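# Quick check, what structure comes out for this input:
(2 chains)
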Amino acid sequence: MRVVIAEDLALLRDGLTRLLRAYDFEVVAAVEDGPSLLPALVEHRPDVAVIDVRLPPTFTDEGLQAAIAARTTVPGLPVLVLSQHVEPLYARELLTDRRGGVGYLLKDRVANVAQFIDGVRRVASGGTVMDPEVVGQLLARHQPPLAALTVREREVLGLMAEGRSNGAIAAKLFIGDKAVSKHINSIFTKLGLPPSDDDHRRVLAVLAYLNG
Amino acid sequence: MDSRDWIRDGLHAVAGAALAVPLAIVNIPLLVLFVVSLALTPVLGLGLVLLPLVTMLIRARADLARRLAAGYRVAIARPYRPRPERAVPGGIRHYRWLVTDPATWRDAAWLLPGAIAGLALALVSLGIVAYGAEGILLIPLWVSLGVDGYGYGVIWPIDTIGEGFLSLPQGAAILAIGVAAAPHLRQAEAYTARLFLAPTRAAELRLRVSQLTVTRADTVDAQAAELRRIERDLHDGAQARLVSLGMTIGLAEEIIDADPATARKLLAEARENSTTALHELRHLVRGIHPPVLAERGLEGAVRALAMALPIPATVTAALPGRLDTPVESAAYFAVAEALANATRHSGAGNAAVELWHTGDLLLLRVSDDGRGGADPDRGTGLRGIERRLAAFDGTMSLSSPLGGPTVVTMELPCALSSPRTSPSSGTV
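Residues are numbered from 1 along each chain as shown, chains lettered A, B, ... in the order given. Below is the predicted model of the structure:
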């Protein structure tokens, strides 16, 4: 699988490269600043890009802006954004184009190698992976559209937002696969998401969740 | 301006002129009392008691003049020196405090010219209006019937009844002029008052210095407390965790050959610990300078703040660019504090934040639909906002009647430094 890395700190850039290579990713480019990121993404069209939010020269949200811009040029380009902190606002911006293939994780998650690699793969295959921290921040709010959901349904939605498959959700909550699909259908109904392409609806549900 | 506005303002000023006449006359006894109380000081120390009383009366009169002037958009600051701590009324220190304050003498010097200017301008103003009224009431017509050579306006003398009726339109015109001129004449009096009653350049600087001394002390205290908190948090939190992390890894290294299973468990624990350390550091960083503020500026940071609130909050912003970092930070924490108050204490169901920038002033308004009754004297939040803003010469005003709504308005003098760097506003 071909991957582009954008990270300004050499230590972390090399670490990420080493990590991904160990799991048979082909690192086609590892850039260190914002201006070189967008051309690299458009030129290489990787299977997935792992991008630090904050990059030179402005050290603001160059990485995020480049990721969003790249997805307008290459629709659905899978990007996994890493950050020292997570902000629901950024998560929402990443999801605004309503396509899957988006991830937004704390940098700490890299330490749990197996889970991190799993996240990268899920983003590459068009899934949506949100950091539990983002999910947690949003669960702490009392949001009108989500108020209709039962406690269990919220748990399921939270795990869905983290990017877990039905099977993984079932295992985590110690319930059956059937129960999970039942909850998910109920969530789609309550959030007013009519049946269409399944993957798509998962993104929309997460987006509804982020919009509060 | 609407035509009704100038009539209302004019009539208000005419009433002001009528009030100015007795006020101007009051100046005279005040001046006499001042001179007498000064003269009586050597006599049994009568002045020690009398002068403070008279000075307070004069200051009350001068304050009234300042307030009236403010009504005509002429701002006159109070120039008085603060009372020394040990100065008690009747004592020599109290007396000396008043006599050595140049403002006392400038107030006294204003009494006579103030009275003359006030009286003259008020009488001119009232005279024009009265003359206009005379014409409208057709009084010249009746007078000319009995008195030869009486006239009105441009008709001298009035010989026929027809000419007499001409006083009606003339009177109307003169009355209109009188009403229109009244606010300007009041303003002229306000300028005369400012000449005497405003602080001199030296007094202004002295006021500014004492104000800056207070805000600087507050800022330094707050900074020192903040640094202590950061030091403590780092020492007890992240630093301790990193030490334990090193120990755990060291131990795992020792036993990895003998007991790989335990070593693996220790390493997992170490990873867990590193996550917690990062979590603590992140929390600390957010308290010092929130990353989203650094990345998105005030508007983006406030939007992020609103998203995280437990109640729905709307954000309206009109900021054409980035602000200076310290101002941005002060404004952000002030808004955060105000929003925290709104959600914590007011029982509000909705909150709204408005940010805008005019000239060289940043305005922040946080409102909620809660039960109101917020009081800066209870609780430290609102006072904290005031102190935070005071460091930048900013101010906070609060309107929170019982039953709500609560509106906190904050003003910060500042200029926009750089144009917007991120195209964030278009993406949501």
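# right, is the strand or helix carrying residue B:330 up against chain A?
Residue B:330 belongs to helix B:325-345 when assigned by DSSP states H and E. No. Helix B:325-345 lies apart from chain A when judged by Cβ under 8 Å from any Cβ of the partner chain; the minimum separation is 10.7 Å. No exception for glycine: its C-beta is placed from N, CA and C like everyone else's.
# What is the three-state secondary structure of the residue of the stretch 51-200 of chain B found nearest chain A?
For the stretch 51-200 of chain B and chain A, the shortest gap (Cβ to the nearest Cβ) falls at residue B:75, measuring 40.7 Å. Per DSSP: H, G, I helix; E, B strand; the rest coil, the secondary structure class of residue B:75 is coil.
# Who are the contact partners of the spatially closest residue to it that is not a sequence neighbour?
Sequence neighbours aside, residue B:69 is the residue nearest to residue B:75 in space, at 7.6 Å (criterion: Cβ to Cβ, 6 or more residues apart in numbering or on different chains). Counting by Cβ atoms under 8 Å, 6 or more residues apart in numbering or on different chains, residue B:69 makes contact with B:75, B:76, B:189, B:190, B:193, B:194.
# Any of these buried? List them.
B:76, B:189, B:190, B:193, B:194 (16 or more other Cβ atoms under 10 Å in any protein chain shown).
# low pLDDT regions in chain A?
In the predicted model, chain A carries pLDDT under 70 at residues A:139-145, A:196-200, A:211-212.
# tell me the domain ranges of the chain?
If you meant another chain, say so; for now it's chain A. A:2-141, A:151-211 (the TED database).
# The chain in question should be chain B.
For chain B, the TED database gives the domain ranges B:4-197, B:208-286, B:295-417.
# wait, which of these is closest to residue A:109?
Of all the domains of chain B, domain B:208-286 sits nearest to residue A:109, with 8.6 Å by Cβ to Cβ.
# That closest one - what's its average pLDDT?
Averaging pLDDT along domain B:208-286 gives 90.
# Same question for stretch B:69-83.
86.
# That stretch: end-to-end distance?
25 Å (Cα to Cα, to the nearest Å).
# Any buried residues in that stretch, and which?
B:69, B:72, B:74, B:76, B:79, B:80, B:81.
# mind listing what the third one touches?
Residues in contact with residue B:74 (Cβ under 8 Å, 6+ apart) are B:187, B:190, B:191, B:193, B:194.
# now with 7 Å?
Residue B:74 makes contact with B:187, B:190, B:191, B:194, according to Cβ atoms under 7 Å, 6 or more residues apart in numbering or on different chains.
# And the fifth one, by the same measure?
The neighbours of residue B:79, taking Cβ under 7 Å, 6+ apart as the test, are B:103, B:198, B:199, B:203.
# Once you drop chain neighbours, what's closest to the first one?
Okay, so that is residue B:103. residue B:79 (4.2 Å).
# Remind me which helix or strand that neighbour belongs to.
Per DSSP H and E, there is no helix or strand for residue B:79.
# so where do the helices sit in the chain?
Just so you know, I chose chain A. A:10-22, A:34-44, A:62-73, A:88-95, A:113-124, A:132-139, A:144-147, A:151-161, A:166-173, A:177-190, A:198-211 (DSSP state H).
# that's the wrong chain, I meant chain B
Under DSSP H, chain B gives helices at B:3-39, B:46-70, B:92-100, B:102-136, B:139-146, B:161-165, B:167-197, B:201-233, B:240-255, B:260-288, B:291-307, B:325-345, B:381-390.
# list the helices and strands the third one packs on?
Packing partners of helix B:92-100 (3 or more Cβ pairs under 7 Å, 6 or more residues apart in numbering or on different chains; DSSP states H and E): helix B:46-70.
# Contact residues of the stretch 151-300 of chain B facing chain A?
B:271, B:274, B:275, B:278, B:282, B:291, B:292, B:294, B:295, B:296 (Cβ under 7 Å from any Cβ of the partner chain).
# same deal with the stretch 1-150 of chain B?
Counting by Cβ under 7 Å from any Cβ, no residue of the stretch 1-150 of chain B is near chain A.
# deepest of the domains of chain A, which one?
domain A:2-141 (a mean of 20; mean count of other Cβ atoms under 10 Å in any protein chain shown).
# close to chain B, is that one?
Yes. Counting by Cβ under 7 Å from any Cβ, chain B is contacted by domain A:2-141 at A:54, A:58, A:60-61, A:65, A:68, A:84-85, A:87-89, A:92-93, A:96, A:108, A:111-112, A:137, A:141.
# picking up where we left off before, what's the closest of the residues of the stretch 151-300 of chain B next to chain A to residue B:348?
Using Cβ to Cβ, those come closest to residue B:348 at residue B:292, 23.6 Å.
# Can you give me the pLDDT of the closest one?
Residue B:292 is assigned 91 on the pLDDT scale.
# ok, how many other residues are close to whichever residue of the stretch 151-300 of chain B sits closest to chain A?
Taking Cβ to the nearest Cβ, chain A has its nearest neighbour within the stretch 151-300 of chain B at residue B:295, 4.2 Å off. Residue B:295 has 26 neighbours, counted by other Cβ atoms under 10 Å in any protein chain shown.
# which residues touch it?
Contacts of residue B:295 (Cβ under 7 Å, 6+ apart): A:54, A:60, A:61.
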